[in-house]
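Enquirer: No sequence on hand, only this structure:
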């Protein structure tokens with residue numbers, strides 16, 4: 001990633017530096033799930049188009065950002081080259097995204113279903129489970145985008161168990177999750193398992209996993225791991241089991257090329273998320289525990305997802321004036 005501020009200071013200039021690459025501004029709100037969505041699209045775009053990327057942290061309130069939009073201001077862009085693309089995810093980034101485009105131009109791409117009118121954005125990439133309406137400004141994705149790259153199925157016997165916690169759509173039963181983990185690991189003693197949790201995982205489950213003595217599994221709390229551990233572990237795992245509440249993690253697992261299973265979590269009510277899980281099971285993209293216990297393996301009818309590269313290609317085709325920018329490099 002190019003540090004334009006440092007280059008400008010070293011050159012002793014106050015003018016923005018213009019490069020021969022596509023300029024992408026990536027707005028971030030500090031939420032890991034949103035950052036992984038924009039990271040996935042930016043990585044895929046850079047595989048297609050020579051690009052310089054500036055990550056801009058959004059720290060202002062929605063009211064202040066809306067005020068900046070009305071005045072045509074985006075102060076954090078003053079020291080950066082003008083953007084060709086501005087990409088963001090997360091509700092806190094909606095007004096800053098629009099303000100940045102108004103102040104400096106470029107195309108703005110929002111990676112969620114917006115609360116503001118869709119027509120205000122150049123493009124929205126919205127997961128199918130959010131029921132987006134048909135529009136020329138919308139690309140429908142299979143789940144949220146992510147930076148996981150698909151790898152060929154691994155011949156080794158390695159497994160990953162990823163645990164979430166209570167959410168708006170799902171309740172929680174620690175005893176039942178422990179029972180499912182025990183059944184998973186005991187059913188396949190030949191598999192070396194790694195178990196990890198998330199910030200939503202209840203303390204009683206973390207304590208129970210700390211005390212557990214699995215012969216073929218190791219518990220690795222997420223707060224003791226660096227940010228690169230999970231993507232690497234996914235791409236090295238033949239099997240990945242995810243608790244049903246962790247939708248983003250399910251789609252990352254499906255993108256990795258691993259065989260994916262689902263641990264049951266009690267639903268609070270019928271919702272678009274619980275219907276999504278039922279749909280993934282019906283399409284045999286994910287397996288349930290009973291199938292694993294009966295067959296000892298996971299059968300999937302389709303290959304890994306490839307959504308970030310697909311969406312990047314559609315963007316390049318949609319705006320050829322951007323993708324053709326690479327032909328102007330000196």
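Expert: Arrived safely, thanks for sending. A quick note: this is a predicted structure, and the numbers were derived from the prediction, not measured. Numbering: from 1, shown residues only.

Enquirer: how about the helices of the stretch 101-250 of the chain, start to end?
Expert: 174-187, 203-211, 229-235, 247-256 (DSSP state H, counting those that start in this stretch).

Enquirer: Tell me which other helices or strands the longest one touches.
Expert: Translated: helix 174-187. Applying 3 or more C-beta pairs under 8 Å, 6 or more residues apart in numbering; DSSP states H and E, one finds that helix 174-187 makes contact with strand 158-162, strand 192-196, helix 203-211, strand 259-263, helix 289-295. C-beta coordinates here come from the backbone N, C-alpha and C atoms, glycine included.

Enquirer: Quick one: closest of those to residue 178.
Expert: Residue 178 lies closest, by C-beta to C-beta, to one member of those: helix 203-211, at 5.8 Å.

Enquirer: any low-confidence regions in the stretch 151-300 of the chain?
Expert: 151-156, 294-300 (pLDDT under 70).

Enquirer: coming back round to it: just put the helices and strands packed on helix 174-187 in TSV and tack on mean neighbour count and distance to residue 115.
Expert: Listed next are the helices and strands packed on helix 174-187 as TSV, based on neighbours: other C-beta atoms under 10 Å; distance: least, C-beta to C-beta, whole Å:
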stretch	mean neighbour count	distance to residue 115
strand 158-162	23	29
strand 192-196	19	32
helix 203-211	14	33
strand 259-263	23	30
helix 289-295	14	37
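
Enquirer: Present those as a markdown table; the columns should include distance to residue 240.
Expert: Below are the helices and strands packed on helix 174-187 laid out as a markdown table (distance: least, C-beta to C-beta, whole Å):
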| stretch | distance to residue 240 |
| --- | --- |
| strand 158-162 | 5 |
| strand 192-196 | 10 |
| helix 203-211 | 17 |
| strand 259-263 | 5 |
| helix 289-295 | 12 |
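
Enquirer: and the helices of the stretch 101-250 of the chain, which is most packed in?
Expert: Mean neighbour count (mean count of other C-beta atoms under 10 Å) peaks for helix 247-256 among the helices of the stretch 101-250 of the chain, with a mean of 25.

Enquirer: by how many degrees do that one and strand 259-263 diverge?
Expert: Angle, helix 247-256 to strand 259-263, by axes from the mean of the first three to the mean of the last three C-alpha atoms, to 10 degrees: 160 degrees.
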